[in-house]
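**Q** what follows is a predicted protein model with its sequence.
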Amino acid sequence: MENKLPKGWVIKKLVDYVPIIKTGVEKFSGNKPYYSTSSISDKGLTPEGEFSFENRPTRANRLVLEKDVVQARMKETHKALLVDKRLAGSLISTGFLQFRPEEHDYDSRLFYYYLCSPMFLKQRDEYATGSTQVALTDEGAEKIDLIIPPEDVHKHI
């Protein structure tokens with residue numbers, strides 16, 4: 001990506017600045033709501049049910065925390081979420097990329113808006129691969145650029 005940004009703004013590889021959270025859920029007790037990519041639509045969010053650690057679907061292998069940001073991996077699918085208190089502690093599908101931007105000094109809301117932007121979505125679709133379901137792999141995500149504003153602008157935004 002060519003840098004035609006204002007002075008002080010930089011472009012870095014997204015996963016170098018805000019790494020993808022790896023899949024895997026530590027054992028938990030009780031039941032947790034589970035959201036797949038099909039659980040999200042223009043009409044809202046509808047969990048596919050509540051599951052224990054032992055009986056959860058195999059794709060229910062991510063646990064989200066408040067201020068995490070997720071985006072569907074599938075090409076031409078715009079399903080991004082900024083996790084709020086209501087969704088925190090839920091299981092989500094491995095069909096999502098999961099990020100924890102605030103652990104890397106990037107505001108979660110700003111990061112969410114970036115994942116909703118045509119700039120991100122174009123890159124995601126360009127690097128998506130597959131024959132049955134075209135989706136972005138972790139390796140493809142390593143090619144995606146992230147725009148980083150200067151700290152004072154970042155806080156202002």
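**A** Received it, and whenever you're ready, just let me know what you need.
**Q** OK, contacts around the residue positioned nearest the centre of the chain?
**A** Closest to where the C-alpha atoms of the chain average out (Cα atoms, centre = their mean) is residue 70, at 2.4 Å. Residue 70 makes contact with 62, 64, 80, 81, 83, 92, 96, 97, 98, 99, according to Cβ atoms under 8 Å, 6 or more residues apart in numbering. From N, CA and C alone the C-beta is placed, and that goes for glycine too.
**Q** hey, where'd the strands end up in the chain?
**A** Per DSSP state E, the chain carries strands over the ranges 10-13, 32-35, 40-41, 44-45, 50-51, 62-63, 69-72, 80-82, 91-92, 96-99, 145-148.
**Q** to residue 131, which of those lies closest?
**A** Closest to residue 131 of the strands of the chain, according to Cβ to Cβ: strand 69-72, at 18.3 Å.
**Q** from the chain's centroid, how far away is the closest one?
**A** 3 Å (Cα atoms, centre = their mean, to the nearest Å).
**Q** given that strand, what are its sheet partners and their directions?
**A** Here strand 69-72 has these sheet partners by DSSP bridges: strand 80-82 (antiparallel), strand 96-99 (antiparallel).
**Q** any idea which of those strands is most buried?
**A** strand 96-99 (a mean of 24; mean count of other Cβ atoms under 10 Å).
**Q** who's in contact with that strand?
**A** With Cβ under 8 Å, 6+ apart as the test, strand 96-99 has contacts from 18-21, 37, 62, 64, 68-73, 79, 92, 111, 115, 136, 141.
**Q** could you find the closest non-adjacent residue to the residue nearest to the centre of the chain?
**A** residue 96 (4.2 Å; Cβ to Cβ, 6 or more residues apart in numbering).
**Q** now do the one you found against residue 87, distance only.
**A** Distance check for residue 96 against residue 87: by Cβ to Cβ, to the nearest Å, it reads 12 Å.
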